[in-house]
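> Dropping a prediction and its sequence here:
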Amino acid sequence: MLSTMQDGQLSIATLLRHGSAVHAGSEVVTWTGTEGRITTFAQVGTQSAQLANALRGLGVTGDQRVATFMWNNAEHLTAYLAVPAMGAVLHTLNIRLFPEQLTYIANHAEDHVVIVDGTLVPLLAQHLPTFKTVKHVIVANGDAAALQAPEGVQVHAYADLLAAQSTEFDWPEIDERAAAAMCYTSGTTGNPKGVVYSHRSIWLHSMQICMADGMGLSSADRSLVIVPQFHAMSWGLPYAAFMSGASLIMPDRFLQPEPLVKLIEATRPTQSAAVPTIWQGVLAHLDAHPADLSSLREVVVGGSACPPSMMHTFAEKYGVHIVHAWGMTETSPLGTLCRPPAGLSEKQTWAYRYTQGRLPAGVSARLVGDGGEELPWDGESVGELEVRGPWITGSYYRLDEDGEGTEKFDGGWLRTGDVGTLTPDGFLTLTDRSKDIIKSGGEWISSVELENAVMAHPAVAEAAVIGIPDPKWDERPLVTVVLREGVEAQPEELRGFLTDKVAKWQLPENWAFIAEVPKTSVGKFDKKVLRAQHAEGKLDVRHLD
Ligand code: ADP
């Protein structure tokens, strides 16, 4: 028996129409360095129609790809909505990728148009001659004349182009399973791989973001979106905002701790999201320049493990509640988010809060052991996490043409490459990425656990742990430490600090003080670089007996 329910498509056009009408007065605040430039959701709606008309005028048809090379701002949000709503596919280019990777992804996705921020024109100009399929570049928030385009590429000024367009667009009816947007993983090994989101996956994921046990985003919120729009779709916040009516605060290129803190004080966000390294930087800045963060009801931290010490400092010094979440580009990205069960003691609640969080109904999971066997959810058995669900990718874009990446999929499950445990009530604790695991004398040492323990020491700003070859144990951990400014500490003291926190055989004997932990294009610890530095003898390692 079929249901009697109507079968409307879950499309980005629906979100666009809803947000710009029902939440017409909600705002996008784009930071200019000194103040917020305000665009209402109604204006985003109008400008989306103009952008869609302009793109049609430039020949964008069907599911052609329209790329963005932009910071987080109102114009980028407009592209997020207009491009999929007109039936084309938005491709967010990660401005921080290595040149050869950017060339690869623009050509692999066959981008037809690139919309670029004025401040990023010099960077794009370096890559543009290698982009084979791009015919048009639209320069927003800057001077189009500054771009010397290669032959065959036309350059347009965003504001002039839009001004000439109608403010109405007849948004087509689109199959909810059609491609809406694509994002490439940053490709720690091999070429970046394309993940293609559908209208439906974005809709369902947005609902999860808005759920109380998700990010709880609502029309009462002002969301400060620090996660770049070129990194895993800003964790879904732009679309969830158009669904819920939450206002958006966009930092544009002002992502350093000092302007971020200024922006928080000036625009009073209620909610925010970013990787831990951003918040570590903010904390270090606040040490010397205390500020009022009290507008923030909560901050979602994910992308890499959130050190418990950071959660405590934010809570105790600044009254900011951190919520830990886990996800990947491949999972839209929300995979788990931490809302501890009710009725527990403070200590028990904190123990839950350190975990990566709980599985929502839309994400099914299993843990798989070394021999391919499924492991129990007992909070102890450690295995690789595999997930599936309607906002989790089932393959990579055009994978069959380059072959790489098939190993990530296992009979309908995505093999995450993340290793950890699940509790009977569905809370995930990650101990490592499979490629970062340290195997010492046949036993696993969790680099994440060691890092968290070291980072709890007051002298430590950042710590990253890698495995290094050891003649006796095969591998042993090497702790690389960045000390806080003006503070001294010795390896003996740091190791002493760990004695009651980790098992004796896990206590690290190899330590190196470094000026900075190398970071990936999206601000995570880049252990591949650390391992290479160690292999090349560039780290000054102190070995304790
Ligand atoms: P990249 O592979 O370039 O880092 P993603 O942003 O898709 O790209 O990263 C996803 C990965 O980030 C996950 O597979 C996991 O290893 C890591 N990650 C995300 N959130 C967390 C978290 N809360 N704790 C630990 N690791 C995390």
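Arrived safely.
> Find the closest residue to the ligand in the stretch 151-300 of the chain.
S186 (3.3 Å; Cβ to the nearest ligand atom). Every residue, glycine included, has its C-beta placed from N, CA and C.
> Low-confidence ranges, the stretch 351-500 of the chain, go.
For the stretch 351-500 of the chain, the stretches with pLDDT under 70 are 400-403.
> same check, this time on the stretch 51-200 of the chain
Residues of the stretch 51-200 of the chain that meet the cut-off, pLDDT under 70, sit at 187-189.
> same deal with the stretch 201-350 of the chain?
Applying pLDDT under 70 to the stretch 201-350 of the chain flags no residue at all.
> now with 90?
287 (pLDDT under 90).
> rewinding a little: pretty sure the residue of the stretch 151-300 of the chain closest to the ligand sits in a strand.
No. Assigned with DSSP: H, G, I helix; E, B strand; the rest coil, S186 falls outside any strand and is coil.
> Skip the chain neighbours and tell me the closest residue to it.
S521 (5.1 Å; Cβ to Cβ, 6 or more residues apart in numbering).
> what do you get for P477?
P508 is the one closest to P477 (Cβ to Cβ, 6+ apart), at 4.4 Å.
> Only alpha carbons, please: show stretch 405-417 as PDB.
What follows is stretch 405-417, C-alpha atoms only, in PDB (Å, rounded to 0.1, in the frame of the first residue of the first chain):
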ATOM      1  CA  GLY A 405      39.400   4.900  -3.200                       C
ATOM      2  CA  THR A 406      37.300   1.800  -3.700                       C
ATOM      3  CA  GLU A 407      38.800   0.400  -0.600                       C
ATOM      4  CA  LYS A 408      36.900   2.900   1.400                       C
ATOM      5  CA  PHE A 409      33.600   1.200   0.700                       C
ATOM      6  CA  ASP A 410      32.500  -2.100   2.100                       C
ATOM      7  CA  GLY A 411      29.200  -3.500   1.000                       C
ATOM      8  CA  GLY A 412      27.300  -0.300   1.500                       C
ATOM      9  CA  TRP A 413      29.300   0.900   4.500                       C
ATOM     10  CA  LEU A 414      31.800   3.700   4.400                       C
ATOM     11  CA  ARG A 415      35.100   2.700   6.000                       C
ATOM     12  CA  THR A 416      36.000   5.900   7.900                       C
ATOM     13  CA  GLY A 417      39.600   5.100   8.700                       C
END
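> didn't A140 look like it was pressed against T68?
No. The criterion here is Cβ atoms under 8 Å, and A140 misses it with T68 at 9.2 Å.
> The residue nearest to A241 when sequence neighbours are not counted bridge partners, please.
Distance criterion Cβ to Cβ, 6+ apart; nearest residue to A241, sequence neighbours excluded, is L248 at 5.0 Å. On the basis of DSSP bridges, L248 is bridged to V28, S223.
> L248 is in contact with S223, isn't it?
Yes. With contact defined as Cβ under 8 Å, L248 counts as touching S223 (5.6 Å).
> max-length helix in this structure?
Using DSSP state H to define each element, the chain has its longest helix at helix 41-57.
> May I see the buried residues of it?
41, 43-55 (16 or more other Cβ atoms under 10 Å).
> If I follow the layout properly, the residue nearest to P477 ends up in contact with E492?
No. With contact defined as Cβ under 8 Å, P508 and E492 do not form a contacting pair (11.8 Å).
> what's the span of stretch 168-178, first residue to last?
23 Å (Cα to Cα, to the nearest Å).
> can you pull the buried residues of that stretch?
Neighbour count says stretch 168-178 has 169, 171, 174, 176, 178 buried, by 16+ other Cβ under 10 Å.
> shared neighbours, L248 and S223?
Common contacts of L248 and S223 (Cβ atoms under 8 Å, 6 or more residues apart in numbering): 237, 241.
> got the contact list for Q148?
Applying Cβ under 8 Å, 6+ apart, the residues contacting Q148 are A125.
> and it, which of the three is it?
coil.
> Point out the residues in the stretch 401-545 of the chain that sit beside the ligand.
Within the stretch 401-545 of the chain, the positions near the ligand by Cβ under 6 Å from any ligand atom are 416-418, 430, 433, 520, 522, 524.
> Okay, and which of these map to strands?
If you go by DSSP state E, these have 416-418, 430, 433 in strands.
> that older thread, can you pick out the residue with more neighbours from P508 and E492?
Neighbour tally, P508 and E492, criterion other Cβ atoms under 10 Å: the higher count belongs to P508, 22 against 11.
> and the gap between the more buried one and the ligand?
20 Å (Cβ to the nearest ligand atom, to the nearest Å).
> Wasn't that residue part of a strand?
No. P508 is assigned coil when assessed by three-state DSSP, not a strand.
> what sits against it?
P508 neighbours (Cβ under 8 Å, 6+ apart): 450, 465, 476-479, 495, 498.
> In strands only, show me those.
Those of those lying in strands (DSSP E): 465, 476-479.
> Tabulate those (TSV), appending neighbour count.
Output for these, formatted as TSV (neighbours: other Cβ atoms under 10 Å):
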residue	neighbour count
V465	27
R476	21
P477	23
L478	24
V479	26
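> Between the residues you listed, which sits nearest the ligand?
So of the ones in strands among the contacts of P508, ranked by how close each gets to the ligand (Cβ to the nearest ligand atom), first place is V465, at 13.3 Å.
> how close does K472 sit to I466?
18 Å (Cβ to Cβ, to the nearest Å).
> now L204
For L204, the distance to I466 - Cβ to Cβ - is 37 Å.
> These two - which one has more neighbours?
I466 (23 against 17).
> That one: what's it in contact with?
I466 neighbours (Cβ under 8 Å, 6+ apart): 436, 438, 447, 477-478, 480, 527, 530-531, 534.
> Could you do S294 as well?
318-319.
> returning to that earlier point: helices and strands around the longest helix of the chain, which ones?
On a contact count with 3 or more Cβ pairs under 8 Å, 6 or more residues apart in numbering; DSSP states H and E, helix 41-57 meets helix 12-22, strand 27-31, helix 74-85, helix 158-163.
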